[in-house]
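> coordinates for the following, if possible.
(3 chains, ligands or ions: 4)
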Amino acid sequence: MGVKRLTLAASAAFFAMTSAAFANKPTDGGYWLQDAATPVMVELTKLHNFVFWIITAITLFVMVLMGYIMFRFSEKRNPVPSKTTHNTLIEVIWTVVPIIILLVMVVPSMKLLYMQDALPETEMTIKVTGNTWNWEYAYPDLEDQVEAFISNPLEKDDAGDLYLLKTDAALVVPVDTKIKVLVTSSNNLHSFAVPAFGVKMDAVPGRINETWFEVLPGKEGTYYGQCSELCGVNHYKMPIEVEVVSKDEFKRWVANGGSFRKVAALGGTATAAQE
Amino acid sequence: MVAIPEGKVGGYGAHDDDDDKPGFFARWFYSTNHKDIGTLYLIFGIISGLIGGYLSFMMRMELAEPGIQFFDTGHQYNVFASMHGLIMIFFMVMPAVIGGFGNWFVPIMIGAPDMAFPRMNNLSFWLLPVALICLLISFAVPGSASGNGFGGGWVMYPPLSTSGAPGPAFDFIIIGLLAAGFSSIFGAINFITTILNMRAPGMTMHKMPLFAWSVLVTAFLLLLALPVLAASLFMLFTDRIDGGTGFFDPAMGGDPEMFQHLFWFFGHPEVYIMILPAFGIVSHVVSTFSKKPIFGYLGMAYAMVAIGVVGFVVWAHHMYTVGMDVDLKAYFLAATLVIAVPTGVKIFSWLATMWGGSIRFTIPMQWALAFIFLFVVGGVTGVMLANAGVDVALHDTYYVVAHFHYVLSMGAVFGIFCGFYYWFGKMSGYLYNKWLAAAHFWLFFIGVNVIFFPQHFLGLNGMPRRYIDYPEEFELWNQVSSFGAYITLAGVFFFFAMLVEAFIRRRPASENYWGEGATTLEWTLPSPPPFHIFNTLPRIEDTDDGH
Amino acid sequence: MAGHAVEHDYHLIPPSPWPFLSGVACMIWGLGMVVFFAGLVDRTGESPMMEFFFANGLDSLKSTMTGDGSVNGGWILLLLGSLMAAYVMYGWWRDVARESEAGDHTPVVDIGLRYGMIMFIMQEAMFFVGWFWMFFELGLFHKVRATWNPDILENAAGYADSMAPGVTSVNAWHLPLMNTLILLLSGTTVTWAHHALMHGDRKGAKWGLFLTIALGVLFTFLQLIEYAELYHLRETGHEAWIGNDAYGSAFFMATGFHGLHVLIGTIFLFVCWARLMKGGFKPEKHFGFEAAAWYWHFVDVVWLFLFAFVYIVFAIGGGVH
Ligand code: HEA
Ligand code: HEA
Ligand code: CUA
Ligand SMILES: [Cu+2]
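Ligands and ions are numbered 1, 2, ... in the order given. Coordinates of the predicted model:
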């Protein structure tokens, strides 16, 4: 029963943890978390893998035990059933052992939770507004230089392979910088989610939610996410595209009023179009 | 096909002509008989299961490959998903386990001649078709700017269910769910009163069969959780009226998140409402076919009580990403994990019941074994989700869909089929064909695993829920998942073939067709039991284990 | 119940039309609700018949009140459903009363009825938990709202120092205090009636019950006056009105649903009074009466909570009109 699947999953886990392929969008036929690009996601992945091993072990234990019982105590092998209905020791064990397991789990889990939530000294703020159905990005600290802009999904012809991920205007942020994200919505609920960052924050009308991320050094690139709270007819079609550039490039991008083309003209660095 | 029946053939059944059964119309429309009402509930559950199943197969067909194939718009897909969730939960699982098996077997197991309030019992039933009709009407009337029907998810979060769904489609859903809710509340009052007040002489609470215990706990959950749903539905209703209230409208100082708290205060107990009766059924089946009494009976009963109690204080684990205070999240994280402990007690007690037993792998036992294993798979992914930190990555992805289908489409539904095959002969008086039933089981077992196991992968890889179309990276596992749906469909076909065959062949079932091991009171009655049972109340002796 | 002799005291009931008819009534009533509050068809003038019955009834009520002349029958289904429901309830409870008088309610059945009523009141209590929860959230967490999005929530900062900017509450020490006293008094009169009934003093029971009903009606009357007053204040810019603001919404839903329960309780007591006048109830057996009394006490307790929190505590933070 399911043995094959489980061993498959287990080896998949092992494989995923050892390989370090760089991925900033869903992987083709992928079966594991997207690669981490922020410290939070690194910790999140660790905790996920830790809990994964625990729950897999529990499932395997139940499966093996059940298999043994089905084999050993079948009608054929054990025609005369016993009449035992109590055994205090074993009942105490199967109450206490799960408690211990959960205690072991809850410690790192709380650590991660507080790490995600405790906003560190952030160096910069961006404001994300969910509209029906696109995202609006603003840079409150840089209001004078960069105007708020709307990021629309690209249609299939323009997006090609990246349909439902790619937009006409990415959110641009610097690498290695603690960034505070303010999330709100103008109408329905939405959720701002970038899997590789370990970020998912609901956009609630009337309310401003806060979260943060910091892309690890060397992890420049384009990251993709998708709206993760049901928001109506085009819920599937309001992707999130984040372009992470070096600090210098970001400065230049700001200096140019947040324009891609000028950046390319100036320094010829990676832009969304070249990705 | 050679008909191979399962269970002992007997000649008892169908000889209850001396009962004064009312005429057809009075019997089925004006019924005050718990067994007839139970039958109505089961038929209703099967019909709803077909509707809900149809909706899910359409979704799986759409998702089999990227692009939009069968539906007009994302809205239409959302309508299907929302209605699939609502119909499966409120109109398939709940009527089948509580209304159907509860009505049939709770009175019998505790040695009562009927339910405490037979008329109200029938009211509980008749509110359901009304509710289902309301939901079906909702498909056909304007729902939002994008088309007919309501597409806001089974959780009905505002503003998508208030300003986002201006047409009457959602009003019909509110009315329907209110009707279904009051149906369940009345049912709960009925079950609690029956169990507390009508146990046969000598049937103490601690001798009561576990299925009756499970229904008792479930009834309390219903009684305490559903009124809160009713209140929140009312609020949605008045918020939707022009110039009405503004509970969830931020422009009026209201709070859309408040609805989520109210909903999940109902919604989380609701998931235990769906699974506890299945726990009860599985306990009986495991005990019967191991030919052993339940191991750790008291622990089993009080584990269910504990699950019920703790189930009321963990609701916000569905809301880890709404921007709640971190200390609150920490509390809900810890509280949620606690539920794994009593649930573990149940799992291990089932295994211990089988240990040393003399196990027969009958059809109901196969469903029960599959239930135990698959419920563990679904349960432990719940534990993964309970870790608020990790849930940030998994919330609203297919990982959640995989989790809850493992506990619902394999937990609750396997529990239903388990009970159905266990009691089919008792209820109908006929034995089913073993091969058809086995084909049903295996196709279903393989099918649902193929549907839902790959959805864990999709979720981990980041595929969000409630998407009609997806980036091509998700294609592989979606294809596999949809393929599983076709296997499951074949399983559903064999279920109906089994039913048809059994009613054509009419192999009479004996009083206790499972033989040794089946010890509860229903096995002392003919199959099917006479219209009126226990005209002389059974007396439970002190030495009798009763469970 | 042919065949074997019945040797138990439970009450088996022959088939009854009422539950099924309740379902039918509920269907019509539900359709009526949707038509009245939402409307199934728009008023375009294309198919007058359809629009007469299925266009939004609330709109037509409003337009009738403002006198723009367009009437429709959007309320007909709702009325029909309500009437049918009333008829079914009448028939159903008449049957129950008859069975009780015929001696079907043996001691064990009587206990069952008590369990049933307790459970029913429990679920009613949970229903009110919903409203109170909403109210507490709005009342206690207003500071959180101060950090909300000023683009959408006008005056967000204003939430920091009071309940909600500009919201004034209803003065607890006028009509609401009166109503509290009235309900408390009615609690004593219904107990008087109960004790009188138990001691065979039917005259005292009739009077006690009559006074209780009178007090209940008085309560409803005063509540309506209060609502009417608020309605007029609304026109002078007062905020606590149902469609103005979430506090007004919570206030009216909570007190409104309580008012509905007072109404139900009054009817329940009235039915008992009618039965009493016709010679019903015995000193040792009168569960119908007791159930009504329990329900009345429940309604009373809910009011005390409303009075304490919705009126008094709420007034501490907001301005009082
Ligand atoms: C029958 C229904 C059912 C059941 C029984 C459960 C059981 C559990 N569920 Fe699930 N859940 C749902 C139905 C159900 N759930 C549904 C429908 C949703 C989605 C709703 C929506 O958004 O649409 C959901 C969503 C959901 C979420 C929110 C996810 C999200 O949206 O982000 C979470 C998070 O905590 C969660 C947790 C749990 C836990 C901890 C249990 C526990 O009760 C499980 C306990 C069981 C075990 C753990 C296995 C057996 C135990 C042992 C073998 C002992 C040893 C084990 C350990 C020490 C770990 N569930
Ligand atoms: C009990 C609940 C239940 C059950 C059984 C199922 C069964 C199935 N579900 Fe369901 N599903 C939900 C509850 C359930 N689901 C919920 C709550 C949601 C969330 C909705 C939302 O997002 O708002 C959801 C969402 C959901 C999605 C995600 C949609 C999305 O997010 O975009 C998908 C996609 O594959 C899916 C597929 C299926 C499939 C293929 C089955 C198959 O297993 C179906 C096979 C058929 C059956 C299992 C029916 C057989 C039963 C009978 C014939 C009755 C028998 C009765 C008696 C014997 C009395 N479901
Ligand atoms: Cu925006 Cu979903
Ligand atoms: Cu839950």
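> so for stretch B:152-165, mean pLDDT?
Stretch B:152-165 comes out with an average pLDDT of 93.
> let me redo that: stretch B:348-364
Rounded mean pLDDT across stretch B:348-364 is 96.
> please tell me how far the closest residue to residue C:312 other than its chain neighbours sits from ligand 2.
Nearest residue to residue C:312 in three dimensions, chain neighbours excluded: residue C:172, at 4.8 Å (Cβ to Cβ, 6 or more residues apart in numbering or on different chains). All C-beta spots, glycine's among them, are computed from the backbone N, C-alpha and C. From residue C:172 across to ligand 2, the span is 43 Å (Cβ to the nearest ligand atom, to the nearest Å).
> can you pull the residues of the stretch 151-275 of chain A lying near chain C?
Residues of the stretch 151-275 of chain A that fall close to chain C, judged by Cβ under 8 Å from any Cβ of the partner chain: A:184, A:186, A:205, A:206, A:207, A:208.
> dump those residues into a markdown table; add pLDDT, secondary structure and neighbour count as well.
Putting those into a markdown table (pLDDT from 0 to 100; DSSP: H, G, I helix; E, B strand; the rest coil; neighbours: other Cβ atoms under 10 Å in any protein chain shown) gives the following:
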| residue | pLDDT | secondary structure | neighbour count |
| --- | --- | --- | --- |
| A:184 | 92 | strand | 26 |
| A:186 | 89 | coil | 16 |
| A:205 | 89 | strand | 27 |
| A:206 | 84 | coil | 26 |
| A:207 | 86 | coil | 24 |
| A:208 | 88 | coil | 21 |
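> I'd like these laid out as a markdown table, including distance to residue C:301.
Formatted as a markdown table, those follow (distance: Cβ to Cβ, whole Å):
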| residue | distance to residue C:301 |
| --- | --- |
| A:184 | 41 |
| A:186 | 43 |
| A:205 | 37 |
| A:206 | 34 |
| A:207 | 35 |
| A:208 | 40 |
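> closest one of those to residue B:42?
residue A:205 (43.7 Å; Cβ to Cβ).
> which ones are touching that closest one?
Contact analysis of residue A:205 by Cβ atoms under 8 Å, 6 or more residues apart in numbering or on different chains lists A:184, A:185, A:186, A:187, A:188, A:189, B:159, B:250, B:256, C:149, C:152.
> excluding sequence neighbours, find me the nearest residue to residue B:384.
That would be residue A:51: by Cβ to Cβ, 6+ apart, it lies 5.3 Å from residue B:384.
> now the helices for chain C?
Here chain C has its helices, by DSSP state H, at C:18-37, C:48-54, C:57-66, C:76-101, C:107-140, C:142-145, C:175-198, C:202-235, C:246-277, C:287-305, C:314-317.
> quick check: which of those helices is nearest to ligand 3?
Among those, helix C:142-145 comes nearest to ligand 3, with 23.4 Å by Cβ to the nearest ligand atom.
> state the mean pLDDT of that closest one.
66.
> in chain B, what residue lies closest to chain A?
residue B:250 (2.3 Å; Cβ to the nearest Cβ).
> and for that residue, the neighbour number?
The number of residues packed near residue B:250 is 24, by other Cβ atoms under 10 Å in any protein chain shown.
> you'd agree it is up against residue A:207?
Yes. Between residue B:250 and residue A:207 there is a contact under Cβ atoms under 8 Å: 7.0 Å.
> not counting its neighbours along the chain, what's nearest residue B:161?
In space, residue B:161 is closest to residue B:152, 4.4 Å off (Cβ to Cβ, 6+ apart).
> which residues touch the spatially closest residue to residue A:139 that is not a sequence neighbour?
Take residue A:139 and drop its neighbours on the chain: the residue closest to it by Cβ to Cβ, 6+ apart is residue A:146, 4.6 Å away. By Cβ under 8 Å, 6+ apart, residue A:146 lies in contact with A:139, A:254, A:257, A:258.
> so of the residues you listed, which ones are in strands?
Secondary structure defined by DSSP state E assigns none of these to strands.
> out of the residues you listed, which is nearest to residue C:15?
Closest approach to residue C:15 among those (Cβ to Cβ): residue A:139, at 72.7 Å.
> comparing the helices of chain C by mean pLDDT, which bottoms out?
Among the helices of chain C, helix C:314-317 scores lowest, at a mean of 62.
> using CSV, please lay out the helices of chain C together with mean neighbour count.
Below are those laid out as CSV (neighbours: other Cβ atoms under 10 Å in any protein chain shown):
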stretch, mean neighbour count
helix C:18-37, 23
helix C:48-54, 16
helix C:57-66, 15
helix C:76-101, 16
helix C:107-140, 19
helix C:142-145, 18
helix C:175-198, 19
helix C:202-235, 17
helix C:246-277, 20
helix C:287-305, 20
helix C:314-317, 18
